[in-house]
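Sequence unavailable; structure follows:
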């Protein structure tokens with residue numbers, strides 16, 4: 001990563017807000033519900049897990065008691081200090097955390113982890129650096145191991161915000177050029193980067209990884225809208241969301257999307 005590019009990402013996370021991101025979505029945070037549902041079959045007591053881009057430590061704290069070892073790596077020293085405080089308070093002995101760059105994990109040994117989680121870095125990498133990250137995740141994964149990449153889907157971004165704020169506010173030349181053509185956020189153009197399921201399939205297959213599953217994680221609605229539903233409406237919404245998450249054909253509708261590969 002170029003230094004100014006990396007610095008802007010660091011500045012975006014300097015406030016330590018990642019520790020509260022999952023909590024802010026409440027019990028209806030679809031990204032977190034469906035990520036855990038997709039990953040649960042692969043994380044078991046004998047597995048060694050590394051999470052690249054561990055943020056505020058949400059998944060680390062969730063999976064620590066379910067695996068043999070869990071290492072969290074993040075570009076932000078602020079995030080790592082927050083994670084270490086949580087680890088100390090929890091008493092988990094099988095966890096550790098350190099600062100690291102997803103595009104250059106030279107201090108992580110080859111083929112050392114059964115499960116490699118990359119649940120944040122691709123949000124902040126252009127395509128050139130995404131390819132470097134994918135190769136690094138492959139390098140540190142054991143043969144036959146699982147690698148999970150979360151990404152922000154440009155198609156799902158358009159669908160979610162078109163519905164949320166109104167299509168007349170989204171269908172602008174500037175947003176079309178940034179999101180659909182360049183794969184960048186329309187405001188933070190060098191901090192948040194978007195891709196598509198097809199593009200990520202191409203990049204992971206080029207790296208020699210085997211496609212296992214792609215699943216969309218959140219769709220169309222913001223969590224506060226879900227909270228406003230009646231119990232009956234919410235039941236039907238999650239019936240619909242379950243069907244979307246279970247259908248690879250619906251993955252283009254996802255805002256956050258998860259791609260699971262095997263080495």
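Received, thanks. Small disclaimer: the values here were computed from a predicted structure and weren't measured. Numbers count the residues shown, from 1 in each chain.

shouldn't residue 257 be in contact with residue 213?
No - look at residue 257 against residue 213 with CB atoms under 8 Å: they stay out of range, at 11.0 Å. For glycine as for every other residue, the C-beta is placed from the backbone atoms N, C-alpha and C.

out of these two, which sits in the more crowded spot?
Just comparing residue 257 and residue 213: by other CB atoms under 10 Å the higher neighbour count belongs to residue 257, 28 against 15.

Okay, helices next: where are they in the protein?
Secondary structure of the chain (DSSP state H): helices at 3-12, 21-24, 30-39, 58-63, 77-90, 127-140, 154-165, 167-170, 173-175, 197-206, 223-227, 231-245.

So which of the ones you listed is nearest residue 190?
helix 3-12 (5.9 Å; CB to CB).

List the buried residues of the closest one.
Judged by neighbour count using 16 or more other CB atoms under 10 Å, the buried positions of helix 3-12 are residue 9.

Residues in contact with it: which ones?
Outside helix 3-12, the residues within contact range by CB atoms under 8 Å, 6 or more residues apart in numbering are 75-76, 101, 124, 188, 190-191.

what do you get for stretch 16-29?
Residues outside stretch 16-29 that contact it (CB under 8 Å, 6+ apart): 31-32, 55-58, 76, 78-79, 82, 86, 223, 226-227, 234.

Of the residues you listed, grab the buried ones for PyMOL.
Per 16+ other CB under 10 Å, the buried members of those correspond to this PyMOL selection:
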select buried, resi 31+32+55+56+57+58+76+78+79+82+86+223+226
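
ok, residue 42 - contacts?
Neighbours of residue 42 in contact, by CB under 8 Å, 6+ apart: 115, 146, 148, 260.

Can you tell me which of these end up in strands?
Counting by DSSP state E, the part of those found in strands is 115, 146, 148, 260.

tell me, how many neighbours does the first one end up with?
Read that as residue 115. Residues lying near residue 115 (other CB under 10 Å) number 22.
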